[in-house]
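# give me a model of this one.
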Amino acid sequence: MRQSQVTYWCHEILRSQVSAGGCYIDATMGKGNDTLMLCRLAGEAGKVLAFDIQKEALQMTERLLLEHGVRERAELILDGHEHMERYAGKESADAICFNFGYLPGGDHRIATSAESSMEAVRKGLEILKRGGMMSLCLYSGGDTGFEEKRKILELLKELPAREYTVIVNSYYNRENCPPTPVFVFKDP
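Sure thing, here's the model as predicted:
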């Protein structure tokens, strides 16, 4: 994996901040790469909840996890990320990952939306343990990407500074709307 890829940086930050053996959520399963990384981080003692609304994403993720021998560590959930509170209790997750947009190689008409993503982030913040973290890869472009990115960043900017630390990164010398990696730390 190229070290300049947004997912590489998000994975590295997660690994450096989160202890093994906890509860982790992949809010946007996609092809399963974040789910796989979280399963490895979870180890045998931890667990992963992974969400997607597309059966194709769930099937690809299941194959990937089986191939790497970690399928039993994850619960793959065919549901929207805005419903994660149905599966995880308040302050129960050590880390939550989001990759907004559409399934790579999939139907671009099926993508995350500003409304459901903002609701998912709000619920994720309640589910996140004190001392836990959330990573968000914000992609702009497409029909809804710019609005989704703007609204999520507005939501995060309003979080109380005494409870959360929000770090927004940028690819400073890249054209064509590069992704924006964001990290939210819930203070202990």
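# following the chain past the top strand by length along the chain, name the next helix or strand.
Longest strand of the chain, by residue count under DSSP state E: strand 128-138. Scanning forward in sequence from strand 128-138 by DSSP states H and E, the next helix or strand is helix 145-157.
# contacting residues around that next one?
With contact meaning CB atoms under 8 Å, 6 or more residues apart in numbering, helix 145-157 is reached by 100-101, 111-114, 117-118, 121-122, 136, 138-140, 166, 168, 177, 180, 182, 184. Yep, even glycine has a C-beta here, placed from its N, CA and C like the rest.
# and stretch 17-30, which residues are buried?
18, 22-30 (16 or more other CB atoms under 10 Å).
# to clarify, my last question referred to stretch 55-64.
Buried residues in stretch 55-64 (16+ other CB under 10 Å): 57-58, 60-62, 64.
# please enumerate the strands of the protein.
23-26, 47-52, 74-78, 93-99, 128-138, 164-168, 180-186.
# on that earlier part again, distance to residue 93 added to the buried residues of stretch 55-64, as a markdown table?
A markdown table is the format used below for the buried residues of stretch 55-64 (distance: CB to CB, whole Å):
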| residue | distance to residue 93 |
| --- | --- |
| 57 | 20 |
| 58 | 20 |
| 60 | 23 |
| 61 | 18 |
| 62 | 21 |
| 64 | 21 |
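# from the residues you listed, pick the one nearest residue 86.
residue 58 (16.4 Å; CB to CB).
# neighbouring strands for the longest strand of the chain, and are they parallel or not?
strand 93-99 (parallel), strand 180-186 (antiparallel) (DSSP bridges).
# which residues touch that strand?
Contacts of strand 128-138 (CB under 8 Å, 6+ apart): 6-7, 10, 13-14, 17-18, 91-100, 121, 124-125, 148-149, 152-153, 179-188.
# over to stretch 5-14?
In contact with stretch 5-14 (CB under 8 Å, 6+ apart) are residues 1-3, 33-34, 37-38, 41, 95, 97, 99, 133, 135, 137, 169, 178-179, 181, 183.
# please produce a PyMOL select command covering the buried subset of these.
For the buried members of these, the matching PyMOL selection, counting by 16+ other CB under 10 Å, is:
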select buried, resi 33+34+37+38+41+95+97+99+133+135+137+178+179+181+183
